[in-house]
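1. sequence unavailable; structure follows:
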């Protein structure tokens, strides 16, 4: 399927289905939550986190292992507790970059090696973002990418219940930044001015 030109740019990765038909994600890969919790532990914030996490989720989070599918409700409880820890946006970005390095680093590093002969760029990573979404979320939702310039893009996640949590949005920006930086010197991810609903995230990406 070819790209589509719109008023806001060229859609290079369209949603797999129309936004109304995407549904919502119902499961999240435990690797995302395990990596997120590891970053809290490194900062000595686990006890504060557990004080904010509903007690019924303590046994699951404390025994969680990577590479499992878990209900999105567990992810919501986790990120709501993280939100309560009061991290600033720059701190959220740093944590997200740590998580992204663990969750997607090996996948994107393989892509770099495979694409090295033809010259990999951030567009190489963004072309695979739907596959990355499917590795982390399941049951519905999706992602699209719009080219706004040679080194500018807008990414939209839809049907993602975690989108309503500011901490998750900040951390996800960090995840995207670290992925892009395998292909460029520096990447920047900011919230797009486009409306963000309870299940939609819009982010503007730029790189050098």
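-> That came through fine. Nothing here was measured: the structure is a model prediction, and the numbers come from that model. Residues are numbered from 1 along each chain as shown.

2. pLDDT weak spots in this structure?
-> Residues of the chain that meet the criterion pLDDT under 70 lie in 1-3, 7, 104-118, 194-196.

3. separation between the residue most central in space within the chain and residue 56?
-> Computing the C-alpha centroid of the chain and ranking residues by CA atoms, centre = their mean puts residue 172 first, at 3.8 Å. Taking CB to CB, to the nearest Å as the measure, residue 172 falls 25 Å from residue 56. (C-beta placed from N, C-alpha, C; glycine too.)

4. sorry, back to before: show me the contacts for the residue nearest to the centre of the chain.
-> By CB atoms under 8 Å, 6 or more residues apart in numbering, the contact set of residue 172 is 96, 157, 201, 203.

5. ok, for the second one, nearest residue in space, not its chain neighbours?
-> If I follow you right, that is residue 157. Computed as CB to CB, 6 or more residues apart in numbering, the closest residue to residue 157 that is not its neighbour in sequence is residue 201, at 4.4 Å.

6. next, count neighbours for the one you found.
-> Neighbourhood size, residue 201 [other CB atoms under 10 Å]: 22.

7. for it, which residues are in contact?
-> With contact set as CB under 8 Å, 6+ apart, residue 201 has these partners: 155, 156, 157, 160, 163, 169, 172.

8. please flag which of the residues you listed sit within helices.
-> Among these, the ones falling in helices (DSSP state H) are 169, 172.
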